[in-house]
Each structure stands twice: as structure tokens, then as C-alpha cells.
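Q: here you go, sequence then predicted model.
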Amino acid sequence: MKSAFFRGLFDSLSIAAGYVPVAISFGLTAVYADIAPWMAVLISILVYAGASQFILVSLVASGSTALSIVGIVLLMNLRHCFYGPVLMGKFHDAPRRLPILLMAAGLTDEVFATAISKLNRQPAPEREHWYAGLQLGAYLSWVGGTAIGAFFGHDLLQGSPLLAQAMGFVLPALFFALLLEIRQLVPYYLLVGAALATVAASFVLPSYGAIIAGMLTGALLGLRHREGLK
């Protein structure tokens with residue numbers, strides 16, 4: 001089981017490559033919004049919500065109420081309600097040992113995509129430990145990147161303007177790489193339909209609303225595909 005855990009840690013390196021630069025950007029953004037560096041790191045430790053953390057900081061900086069901040073961040077992360085049931089289906093071939101809350105705590109878009117594409121390659125009794133390693137590696141890279149950005153990011157980026165420009169493209173590039181990895185697991189029209197729905201919704205809805213619209217479209221197309229297979 002230890003080897004499965006370390007395999008998961010190793011597989012998290014591809015996620016970490018995208019997380020660290022974006023987390024550095026978040027640390028910088030939080031500090032520029034007059035949030036103390038230690039508080040920026042604490043947000044990543046407790047919230048761990050990727051893009052939602054940038055919105056959280058902007059809402060705090062604009063003086064939004066606590067209720068509206070919590071509500072918007074929750075709406076942005078509703079998509080995880082779709083992720084969980086899909087992933088849990090991958091662990092039914094062997095008795096579960098880890099608590100569900102622990103397995104849910106590190107679930108992100110990138111962890112989900114990587115797990116969906118690689119879980120079936122792991123022996124059934126080792127999947128939980130592999131997944132725990134994958135989650136932990138991704139989590140530590142996000143928290144560590146935030147700490148670098150919050151405490152040292154300003155000096156780092158001042159010394160390399162090219163690095164500052166490249167960091168903005170890292171997360172979209174990571175998402176695209178993960179999409180290429182899972183494209184053979186789902187019908188092509190499902191991916192296209194979800195993408196078109198997301199783009200169309202982005203013209204009339206905020207970003208989190210567009211994401212939810214895309215996921216709902218993908219879920220409906222997936223149900224239609226399943227019904228067609230019966």
C-alpha cells in the first residue's frame with residue numbers, strides 16, 4: 001500500500017507543475033489586496049479552491065458581505081457534487097478503508113481528471129492509497145506555491161518579467177493537457193457540447209454560472225449516451 005501511495009504522489013507532479021505557478025499568483029494577489037501573507041496561506045490551507053480563491057480575495061477587497069462571499073464561493077464549487085459520485089464508483093471493487101471526508105477534502109478539477117484517467121490502471125485494493133497520494137501531492141503544491149507567492153513572489157517576478165507573463169497561461173494549459181488525457185474515455189460530442197454550453201453561458205452568466213451550465217449540459221448528454229447504450 002505504501003508503494004501505491006508514493007505512486008500517487010509521483011503522479012501528482014503533473015498537477016503540481018500547473019498548481020505552483022498559479023498558487024504563486026494567488027499569494028501575490030492576496031498580498032496586493034492587503035491580506036497578510038500568513039492569511040493568504042491559511043486561505044489555501046482551509047479553502048483550497050483554486051480559481052474560487054481569486055474571486056474570494058476580490059470580494060473581500062471590494063468589501064462584500066461575508067454571506068455573499070460564502071454563497072458565491074459555494075456556487076463556484078457546486079461542480080464537486082458531480083465529481084464525488086463518479087469517483088466513488090471507482091472504489092467499489094475493494095473494501096474502503098479511508099474516511100469519505102478525507103477522500104473528498106482534496107478533490108479538485110485536476111485531481112478528478114487525473115484520477116478518472118488513471119484509477120482503472122491501479123489494482124483495486126491499492127486505489128484508495130494511490131488516490132490519497134495524488135490528493136496530498138496536489139494539496140501540498142498549492143499551499144507551498146501560495147506561501148512562495150505571498151512571502152517571496154514580488155521579488156521573484158520583478159527579476160523575471162517573462163515569467164510573470166507565462167504564469168497566466170499555466171492553468172489553462174494544464175486543463176487542456178488533462179482534457180487530452182481523458183478525451184478517449186467519453187464521447188466526443190459530450191465534450192464539445194459541454195464546452196459550447198460553457199462558452200455560451202459565459203456571455204450571460206458569471207464564470208461560476210457558466211461552469212455549472214457546462215457541467216449540467218455534460219451530465220445530460222452523458223445520461224442520454226447511457227440510455228442509448230441500453
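A: That came in fine, so what should we check first? It should be emphasised that the depicted structure is a prediction, and the values quoted were computed from it without experimental measurement.
Q: quick one, phi/psi of residue 97?
A: Per-residue torsions, residue 97: phi -120, psi -30 (degrees, to the nearest 10).
Q: what strand or helix carries the closest residue in space to it that isn't next to it in sequence?
A: Leaving out its chain neighbours, the residue that sits closest to residue 97 by Cβ to Cβ, 6 or more residues apart in numbering is residue 128, at 6.0 Å. Bear in mind the C-beta positions are built from the backbone N, C-alpha and C, glycine included. Residue 128 is located in helix 127-158, with elements delineated by DSSP states H and E.
Q: and that helix, which residues are buried?
A: 127-135, 137-139, 141-150, 153, 157 (16 or more other Cβ atoms under 10 Å).
Q: repeat that for stretch 65-78.
A: 69, 72, 73, 76, 77.
Q: buried residues in the host helix or strand of residue 104?
A: Assigned by DSSP H and E, residue 104 falls within helix 100-105. Across helix 100-105, burial judged by 16+ other Cβ under 10 Å covers residue 103.
Q: so which elements touch it?
A: Counting contacts by 3 or more Cβ pairs under 8 Å, 6 or more residues apart in numbering; DSSP states H and E, helix 100-105 is packed against helix 80-88, helix 127-158.
Q: next, count neighbours for the residue lying closest to residue 124 once chain neighbours are set aside.
A: Once flanking residues are discounted, residue 124 sits nearest to residue 93: 3.8 Å by Cβ to Cβ, 6+ apart. Residue 93 sits with 11 neighbouring residues when counted by other Cβ atoms under 10 Å.
Q: ditto for residue 34
A: So residue 34, with other Cβ under 10 Å, has 10 neighbours.
Q: next up, identify which helix or strand the closest residue to residue 73 other than its chain neighbours is on.
A: Nearest residue to residue 73 in three dimensions, chain neighbours excluded: residue 52, at 5.0 Å (Cβ to Cβ, 6+ apart). Applying DSSP H and E as the criterion places residue 52 in helix 51-61.
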